[in-house]
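Enquirer: from the sequence below, what's the structure:
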Amino acid sequence: MDAATGHRLSSGESLLLTLQRSQWQGSLRFGVASLLVFATVAFGERWMYGHLGLPGAYGVWTFLFIVLGGFALKPLVVQLKPRQTFWWWFSLAFFAYAASWMACYFTLRRAAGEWMGSLAGPAALGLVLAAACGAWSRFPKIAGALIVAHSAGYFLGEWLHHWIDGKTGMLLWGVCYGLGFGFGLGRALYLAQALDGASVPKTVN
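Expert: Numbering: from 1, shown residues only. Okay, here's the model as predicted:
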């Protein structure tokens, strides 16, 4: 039994995954991935918009987050089936997040679009994660963790970017976004893989 969540973990999983480890490793690992992606924004945004257009640039950034974020977070997936199918469902999950966020942002614009995207995007990612791990009963907690952590990292980073303009501000935005969202992703991955007694999935030992 994990005291932090009240969920049981299988014997193999308990040796590999704790809530604290998942949260902090998720934060640090995804933070590095986010910094790398935001670096392409800081140093190549104008070129990418000019040569790829708005859809192409956002498509490349989404792809980079899927690849770099996937490599960062895969070590936190310990259940056998979700680990074997990781790249399929993680790609779908992050694409659902990005598509939902962009749909809200480009429809509502400005702060309203950002806030709505920060609700819809993480919730869409959490929905795919819950489906991949068979964790439907824990979807509200998964979505809640993602929404809160994503919003904290995104809007703190945006605030810093307004105060510190230019490339440095953009890189700081990437760090805050990655650390915050990564913390939520780590927590969500843990919650999705914790056992609630309904079934006992296999784990990687």
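Enquirer: per-residue pLDDT of the residue minimising distance to the centre of the chain, please?
Expert: Central residue of the chain (Cα atoms, centre = their mean): residue 185, 4.6 Å from the mean position. pLDDT recorded at residue 185 is 98.
Enquirer: repeat for residue 12
Expert: Note on residue 12: pLDDT of 42.
Enquirer: please apply the same query to the one 3 residues further on.
Expert: pLDDT for residue 15: 36.
Enquirer: start the count at 810, not 1, going forward
Expert: Shifting the count to begin at 810 puts that one at residue 824.
Enquirer: residue 901 and residue 940 touch, don't they?
Expert: No: counting by Cβ atoms under 8 Å, residue 901 stays clear of residue 940, with 9.2 Å between them. C-beta here means a position set from N, CA and C on the backbone, and glycine is covered the same way.
Enquirer: in the chain, where is pLDDT below threshold?
Expert: When residues are selected by pLDDT under 70, those of the chain lie in 810-825, 1004-1014.
Enquirer: what segments of this structure are helices?
Expert: Applying DSSP state H to the chain gives helices spanning 820-825, 828-882, 889-893, 895-917, 919-942, 948-972, 975-1002.
Enquirer: name the helices or strands packed onto the last one?
Expert: Read it as helix 975-1002. The criterion is 3 or more Cβ pairs under 8 Å, 6 or more residues apart in numbering; DSSP states H and E, and the helices and strands that helix 975-1002 contacts are helix 828-882, helix 919-942, helix 948-972.
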